[in-house]
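1. Here is my input, please return the structure:
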Amino acid sequence: MALKLGKSFNRCYYLRVPILDGFYNIGVFFDKRSTFLLFRIDPDFGTSKFKHNVKISMFKNLESSKFCETFIELHSYGKNTLDIVNQFDKIKDVYTHDISFVFNETLTLSKVEVGEKTFFDTLNIYGLTINSYSSEFLFLIAERHNVLSRLNKKIVRTSALQIATSPVLQLIEEYCNEAKEHELLEQNQMVSSDKIIKFSDVERDSTYGKDST
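-> Got it, this is the predicted structure:
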């Protein structure tokens, strides 16, 4: 079935990525004058003899993704000339050995100069995978930088596409639960340390409490 885009999208960026013993052809559709994004995914397992249980998810809000919640740090910022919501910042330090980039690409649409400032209207594409399941998982982040030259303002919005097998989704769930347990343990340790009464404090309090008469 043909994909009807209408007037909201006038550009497309295609990628072909390997998953298991086949490929996924991914189209990122967008508009050169806005931050709108849309994905199209076409599987290509023409010679495969296996039945694959692959699940595809799309995220307009990256905060709702367990993969982002667990492994990725996001950045939001707002001022008169800049409006950023959930921009990819980095892989969390504790997971740099578990998560890797499979591609990192930038498509520059235009260069806009406003006074002494220079803005770039771009589409940034990040591809991330889990190292232990690199052939079964892809998290694609599409980050749109749109410049409103009349307002001297840049708007940054991000969407994501996730392709994963059932074992990978289970692994992400386990990582997520472990991260929450670790965070809860650290919070409990901080509370416990605040309740510890030091001997020097007891000695000082007892000194001040003596009758000086």
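2. Work out the gap between the longest helix belonging to the chain and the centre of the chain.
-> For the chain, the longest helix by residue count, based on DSSP state H, is helix 166-195. With C-alpha atoms, centre = their mean, to the nearest Å as the basis, helix 166-195 stands 19 Å off its chain's centre.
3. now do stretch 15-33
-> Between the centre of stretch 15-33 and the centre of its host chain there is 17 Å, according to C-alpha atoms, centre = their mean.
4. From start to finish, how long is that stretch in a straight line?
-> Its first and final residues considered, stretch 15-33 spans 22 Å by C-alpha to C-alpha, to the nearest Å.
5. in it, what's buried?
-> Neighbour-count burial for stretch 15-33, counted by 16 or more other C-beta atoms under 10 Å, picks out 15, 17, 19, 23, 24, 26, 28, 29, 30, 31. (Glycine included, C-beta is placed from N, CA and C.)
6. before we move on, the earlier item: average pLDDT for the longest helix of the chain?
-> Helix 166-195 carries an average pLDDT of 81.
7. list the helices and strands it packs on?
-> Here helix 166-195 touches helix 66-71, strand 117-130, going by 3 or more C-beta pairs under 8 Å, 6 or more residues apart in numbering; DSSP states H and E.
8. what's the angle from that helix to strand 117-130?
-> With axes from the mean of the first three to the mean of the last three C-alpha atoms, to 10 degrees as the basis, helix 166-195 and strand 117-130 are set at 110 degrees to each other.
9. ok, back up a step: could you tell me the least trusted of the helices and strands packed on helix 166-195?
-> Mean pLDDT is lowest for strand 117-130 among the helices and strands packed on helix 166-195, at a mean of 92.
10. so which pair among the buried residues of stretch 15-33 is furthest apart in space?
-> 19 and 31 (28.0 Å; C-beta to C-beta).
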